[in-house]
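1. let's see this in three dimensions:
(chains A and B)
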Number of protein chains: 2
Amino acid sequence: MLEQTIKNERTLKSYRAWLQYDKIEDIDRKLYLKWFTAIGVATDTKITKSAVNEIIWAAESMLEKTPDINEETLDRTSIILGTYRHIHLEEYGLSSDLLEDVNEEGYVIKTVNNNEKQQILLIGKTDKGILYATYHLLRLIQTKASLEDLHIKDAPKNQFRMINQWDNIDGSIERGYAGNSIFYVNDNITDNLERVKDYARLLSSIGMNAISINNVNVWDEETNIITEKYLPKVKNIAEVFRAYGITIYLSINYASPIVLGSLETADPLDENVQNWWKQKVAEIYKYIPDFGGFVVKADSENRPGPFSYGRNHADGANVLAEALKPFNGIVIWRCFVYNNLQDWRDKETDRARAAYDHFTPIDGEFLDNVILQIKNGPMDFQVREGISPLLGALEKTNQFIELQVTQEYTGQQKDVCYLVPQWKEILEFDTYAKGQGTKIKDIVNGSVFKNNYSGIAAVSNIGNDINWTGHTLAQANLYGYGRLTWNPDLTTEEITKEWIYLTFGQNDQVVENITYILLNSWKTYENYTAPLGVGWMVNPGHHYGPNVDGYEYSKWGTYHFADCHGIGVDRTVETGTGYTSQYFPQNAETFNSLETCPDELLLFFHHVPYTYVLHSGETVIQHIYNTHFEGVEELKEFIQKWNDLDGLIDKVIFENVKERFHMQLENAKEWRDQINTYFYRKSGISDDKNRKIY
Amino acid sequence: MLEQTIKNERTLKSYRAWLQYDKIEDIDRKLYLKWFTAIGVATDTKITKSAVNEIIWAAESMLEKTPDINEETLDRTSIILGTYRHIHLEEYGLSSDLLEDVNEEGYVIKTVNNNEKQQILLIGKTDKGILYATYHLLRLIQTKASLEDLHIKDAPKNQFRMINQWDNIDGSIERGYAGNSIFYVNDNITDNLERVKDYARLLSSIGMNAISINNVNVWDEETNIITEKYLPKVKNIAEVFRAYGITIYLSINYASPIVLGSLETADPLDENVQNWWKQKVAEIYKYIPDFGGFVVKADSENRPGPFSYGRNHADGANVLAEALKPFNGIVIWRCFVYNNLQDWRDKETDRARAAYDHFTPIDGEFLDNVILQIKNGPMDFQVREGISPLLGALEKTNQFIELQVTQEYTGQQKDVCYLVPQWKEILEFDTYAKGQGTKIKDIVNGSVFKNNYSGIAAVSNIGNDINWTGHTLAQANLYGYGRLTWNPDLTTEEITKEWIYLTFGQNDQVVENITYILLNSWKTYENYTAPLGVGWMVNPGHHYGPNVDGYEYSKWGTYHFADCHGIGVDRTVETGTGYTSQYFPQNAETFNSLETCPDELLLFFHHVPYTYVLHSGETVIQHIYNTHFEGVEELKEFIQKWNDLDGLIDKVIFENVKERFHMQLENAKEWRDQINTYFYRKSGISDDKNRKIY
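-> Next comes the predicted model:
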């Protein structure tokens, strides 16, 4: 069943990622083999077929056994797949309201004994539930769990679980660090649907149900993706994802009515424009009947939008929403809107304020199939920044949070930086929007404001590198993103252990060392890069490597204001930009006050002298020196721990990560020395440990 | 006689540059018209034909008169052209040894009265002299000089007067700021030889006699320029230039024997390599019998060279020289060799030392048809830097000085920066190589060390913009470069006035205002950019606009070492890199001592506190503030003076320069504010005039 074209890749562990299906040996084999004698299929859909195929593939790979495929039958030990409507639940002594309390994508996994024959039932609320149950079962086997007495009920906690590809038709990927696009080759949409299918399998196995397949920056050629030039091939891509329960979305150019429709305007209140979008949407649905809708970056970083016509973002989004409504399509409208032609001399304007200032005044004006997509922080995916105050501020508008799996500002998959701890911290953040305990995770899952639509989106980190993510350990970020989005209540430790088990097996040292590396990597990356939440200090444009003043005199609104006395951005109400007032009072007070502002965000909210003493007891300048020297030492420890795994893990993966660690060490030293030198030269204050500063 | 293709361009004043041939009116017309009744041609060569054609064109344009063309004759008032061998000098009462004391490119211009008929004799030592005499005569007419009693004898003071095009075959120009290449179009050498011919006219009119037509960085495709793929078209280009007395050269890839010859090495001591170059050179000369030779950038900024094989630069150059020798070809070997992978932490290595350290130990080892091409400064064409100590240090090696007409670090032809004053200062610099008075100009003209070959080369500033140079005032740099190279004893004022007369005519206000702008522009540019000779502080890569730390933590060896106490590069013997010791003692002492080092080079040679008091009486920090505020005010004065010329000069040129001034003002303000802010933030010292710093 493997296509010859990528058969070789599929034998590589680095390609298989967390769907290894390693061969199971000895005693374990006997425990699992019996279940794979036969598969009973009670529900006949394409998605169920994907589930069955996955079981067959896994069985052949793990157990060298090809199961028989039957309809549902009680007289053999087997795995039974079906929705609760198709499986004869009462014959297993189960109630038909077993799935009443789970949502449409939920499932039950149940081991039943039946006349000395056993069955494992994979019961979906719908066929998507069957598929998720299947991956769950295979995960259990790969992590060597017992199947003898399973009673599992699960369902995703977020309605939308989305991946955004920032892929361009020329095959490049904006902020991609793992080769070129798997979707576009030779300036067209790929015909290599097998690789796309494997991506669909990976995404589906971690519960993703939505994907946008082109860059939110929609350039000239990409504008045509909603025309007959590309739609026939978009349809092919949609079919692949549909079989894995994933709906596809397209990013659009807001100026399409002009560029494609030869209209004189793209004004959303113009009737011709409205009609043009209606016809365009109808055309798309002819190709893709379950098309998800549009992702839109408008009036942002030089992309066109409704501001050109004196309209606001609600006007802008609603014209698209009207067109999509009859087809149950949605508009995902990004809130990454700010003045990117700022004058660095202007200390009044604060980019951090922009999204809140733009969108809170129009809360309630969006149609109910519009979703605002809000970045986790008010700046741009820094290693550390405040939480966006817009999250929680919109009571009458659907919203997604947007995370970034691709490591734009966090090491670009040359440096290991496991982001699950960061996302966990974000999702657990208490906004106080409806009093204490109004966490981000409950806002974005729609429960706080009872939204029609809600969920989490994130920028993908994959490309056509054999190992998908460039740095093999970066696979953990995609995995973790999926698992956390499915269930934000999972702990970082649970997710991490699960990924290591699935990818590397359960050797104690392997698990211990990789766990150590992953769980400490974000903090270490933070240690050797921009300090105390101040952000930026990266090379402009590509964003890799240190450049303290790289954005200091730029138009991007990204400043640190370091002088010979101190550093930081004063965002307080009294003397600064007033950004802190965008939070609900409890947080506003915490951040606004030097006494209560957490150390790690000090310079994000305050401008302080280098001699200011942190809660930790260190001065700011000594903290900078300490963390930067420590960061490099911690990294050396990672490298030692990795090198200790030589021979214990796949050689290709070992060497890939070893090589990346070499690059990371160079990067970390460069950060350490540039940051320390910069601040030593600027402050004139020596390191109290007399370490080497240049 | 105009080709239709560029007939329109040739009517534009901005295209005609300093060969305007403006219509002469009224009384003046009568004074000049008589001479153009007839032209007597005593010498019949292609170059003489170019001279005759230029006279015809000029006469038609200035006087609406087409002269008769005859052989030499005494019975008409006419202009007679010929070499001293062909013109019957004795018939005019002239001695045949009239040109004995001028070199091969010299000439005499002489007005003679003969039976009430007058002749102007343009007598060349060779036909090149005729051409130069012709342009001289036309210059006299355009500047309204009397022709009644001319007694002029002139000859170039430099043997080689060369232009280097940094043009690539894809049409791009490295460090080009005036459009694309006029030599390359559609990934091939152009067939538009008319534009090339006009460039040859411009160059010849200012005495240029050599041109290299491709970038010294020879990339993959450009490596093929010495193959049959391009040589037939190179030959066409050579023919155009030959008719104007200009020899062509090609830049080569040192790895050509490998890339083109499929040899396993390019080792200059390898016999196969030596033979390969001999055959290659023979092949080139079949196409171009008077081919000049090669320009070589080797072992520099990642270009291949002899170092790869453990050979030195003499070995490297000599293999080429051996091959070129039989054809009288030469090798022009660039000395821009330094470690471009330096660690910014390493304060011992000094890029400024590199050329001297590389080349002085092998003085005398080069064959006599090798010429070392030495940049004027030891760094890279900064607005202000020291003079290269290599100039004067090579007693047994031919050398060119290399200047940069294209304004890479001096405003990129958006900012006006007239470089003749800088070049003049360089050429007049006393090296003390042979005692007091050993000026650079006398070293590079070959007289100090009695070189076989000597001269001046410079990087061109032209492209396919209609006005050749982007900024029309930048034409003055090309003009001035040519005139100064012909005769370094000309004053800046003479050259400037001449260019203004030729380009704009003699309106008093036009002459006064443009003179003011040009003569002050270098100082103004210096004022608002990097201070006191420290250099750099530009945006990396493209080199336009301020970025104080842009090169501070880079691999390029270009640092300012600013901290909260002071700034500058310590190049002294006692505490610094010892670079000052590369100069002859008098200069070494001057630069090495804080007491005698000129203010404008202080930070190039010394690291000093911001509170250090300059000879001017200002502190360093106050100097920085003052010059940066003043620079912008001076620029506003230029703009006012330019705007006052509205209606007095060609509208196209007026608007072009006006628009550029607008860009320059934005640039200057950005420099002012970034530099002042950077140093204010770093030093904590306020401006004593309390002007606005951010």
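2. and residue A:541, how many neighbours?
-> 8 (other C-beta atoms under 10 Å in any protein chain shown). The way it works is simple: take the backbone N, C-alpha and C, and place the C-beta from them, glycine included.
3. then residue A:264?
-> Each residue near residue A:264 was counted by other C-beta under 10 Å, and the total is 11.
4. again with the one 3 residues further on
-> Counted with other C-beta under 10 Å, the neighbours of residue A:267 add up to 21.
5. how about it, nearest residue that isn't a chain neighbour?
-> Spatially, and ignoring its direct neighbours in sequence, residue A:267 is nearest to residue A:309 (3.8 Å; C-beta to C-beta, 6 or more residues apart in numbering or on different chains).
6. repeat for residue A:33
-> residue A:63 is the one closest to residue A:33 (C-beta to C-beta, 6+ apart), at 5.3 Å.
7. one more: residue A:487?
-> In space, and not counting its chain neighbours, residue A:487 is closest to residue A:157: 5.2 Å by C-beta to C-beta, 6+ apart.
8. and the residue of the stretch 401-550 of chain A nearest chain B?
-> Taking C-beta to the nearest C-beta, chain B has its nearest neighbour within the stretch 401-550 of chain A at residue A:549, 4.8 Å off.
9. surely that residue is in contact with residue B:551?
-> No: contact criterion C-beta atoms under 8 Å: residue A:549 and residue B:551 do not qualify, at 11.8 Å.
10. how deep is the residue in the stretch 351-500 of chain A that chain B sits nearest to tucked in, by neighbour count?
-> Distances between the stretch 351-500 of chain A and chain B by C-beta to the nearest C-beta are smallest at residue A:351, namely 17.1 Å. By the criterion of other C-beta under 10 Å, residue A:351 has 20 neighbours.
11. close to chain B, is stretch A:325-341?
-> No: using C-beta under 8 Å from any C-beta of the partner chain, stretch A:325-341 stays clear of chain B, coming no nearer than 13.0 Å.
12. on that earlier part again, got the contact list for the residue of the stretch 351-500 of chain A closest to chain B?
-> A:338-339, A:342, A:378-379, A:556-558 (C-beta atoms under 8 Å, 6 or more residues apart in numbering or on different chains).
13. and the pLDDT at it?
-> If you check residue A:351, the pLDDT there is 97.
14. the residue nearest to residue A:267 and chain B: what is the separation?
-> Distance of residue A:309 to chain B, given as C-beta to the nearest C-beta, to the nearest Å: 29 Å.
15. hmm, that residue is touching residue A:266, no?
-> Yes: judged on C-beta under 8 Å, residue A:309 makes contact with residue A:266 at a distance of 7.2 Å.
16. these two: who's more crowded?
-> Relative neighbour count places residue A:266 above the other of residue A:309 and residue A:266, with 26 against 16, counting by other C-beta under 10 Å.
17. most centrally placed residue in chain A?
-> Geometric centre of chain A, nearest residue: residue A:458, 3.4 Å, by C-alpha atoms, centre = their mean.
18. doesn't that residue fall inside a strand?
-> Yes: counting by DSSP: H, G, I helix; E, B strand; the rest coil, residue A:458 falls inside a strand.
19. tell me the contacts of it?
-> A:162-164, A:402-405, A:481, A:485.
20. give me the contact list for the helix or strand harbouring residue A:276.
-> For residue A:276, the element it lies in under DSSP states H and E is helix A:271-287. Applying C-beta under 8 Å, 6+ apart, the set of residues contacting helix A:271-287 from outside is A:226, A:228, A:231-232, A:234-235, A:238, A:250, A:256-257, A:260-261, A:263, A:265-268, A:291, A:319-320, A:322-324, A:327, A:329.
21. okay, and which of these map to strands?
-> Residues of those located in strands (DSSP state E): residue A:250.
22. residues from chain A in reach of chain B?
-> Contact residues (C-beta under 8 Å from any C-beta) of chain A with chain B: A:344-345, A:347, A:546-549, A:553, A:562-565, A:670, A:673-674, A:677-678, A:680-684, A:694.
23. for the stretch 51-200 of chain A, give the residue positioned nearest to chain B.
-> Closest point on the stretch 51-200 of chain A to chain B, by C-beta to the nearest C-beta, is residue A:170, at 18.6 Å.
24. low-confidence ranges in the stretch 201-350 of chain A?
-> Under the criterion pLDDT under 70, no range of the stretch 201-350 of chain A is flagged.
25. look through it and state the residue closest to chain B.
-> Closest point on the stretch 201-350 of chain A to chain B, by C-beta to the nearest C-beta, is residue A:345, at 4.7 Å.
26. for the residue nearest to that residue when sequence neighbours are not counted, give me the pLDDT.
-> Once flanking residues are discounted, residue A:345 sits nearest to residue B:694: 4.7 Å by C-beta to C-beta, 6+ apart. What the model reports for residue B:694 is a pLDDT of 96.
27. what's the answer for residue A:1, then?
-> Residue A:1 is given a pLDDT of 36.
28. what does residue A:115 give?
-> At residue A:115, pLDDT is 73.
29. correct me, but it touches residue A:74?
-> Yes: Residue A:115 lies in contact with residue A:74 (C-beta under 8 Å); the separation is 7.3 Å.
30. for the two, indicate the residue with more neighbours.
-> Each of residue A:115 and residue A:74 has its neighbours counted (other C-beta under 10 Å); residue A:74 has more, 15 against 7.
31. helix/strand/coil for that one?
-> Per three-state DSSP, residue A:74 ends up coil.
32. for chain A, give me the ranges with low pLDDT.
-> A:1-5.
33. chain center to the helix ranked longest in it, what's the gap?
-> Identified as the longest helix of chain A according to DSSP state H is helix A:651-683. The chain centroid and the centroid of helix A:651-683 are separated by 25 Å under C-alpha atoms, centre = their mean, to the nearest Å.
34. contact partners for the residue lying closest to residue A:273 once chain neighbours are set aside?
-> Nearest residue to residue A:273 in three dimensions, chain neighbours excluded: residue A:257, at 4.8 Å (C-beta to C-beta, 6+ apart). Listed by C-beta under 8 Å, 6+ apart, the contact partners of residue A:257 are A:263, A:265-266, A:272-273, A:276-277.
35. likewise residue A:137?
-> Residues near residue A:137 by C-beta under 8 Å, 6+ apart: A:79, A:109, A:120, A:122, A:147.
36. what about it, distance to residue A:121?
-> Distance, residue A:137 to residue A:121, by C-beta to C-beta, to the nearest Å: 10 Å.
37. can you list residues touching both of the two?
-> Counting by C-beta under 8 Å, 6+ apart, the shared contacts of residue A:137 and residue A:121 are residue A:109.
38. hmm, back to that, quick one, which of the residues of chain A next to chain B are buried?
-> Among the residues of chain A next to chain B, those scoring as buried are A:344, A:546-549, A:553, A:562-564, A:670, A:673-674, A:677-678, A:680-683, A:694 (criterion: 16 or more other C-beta atoms under 10 Å in any protein chain shown).
39. which residues in the stretch 1-150 of chain A form helices?
-> With DSSP state H, counting those that start in this stretch, the ranges of helices along the stretch 1-150 of chain A come out as A:4-10, A:13-16, A:26-33, A:46-63, A:127-142.
40. pull out the buried residues from the second one.
-> Same thing as helix A:13-16. For helix A:13-16, the neighbour count (16+ other C-beta under 10 Å) marks A:13-16 as buried.
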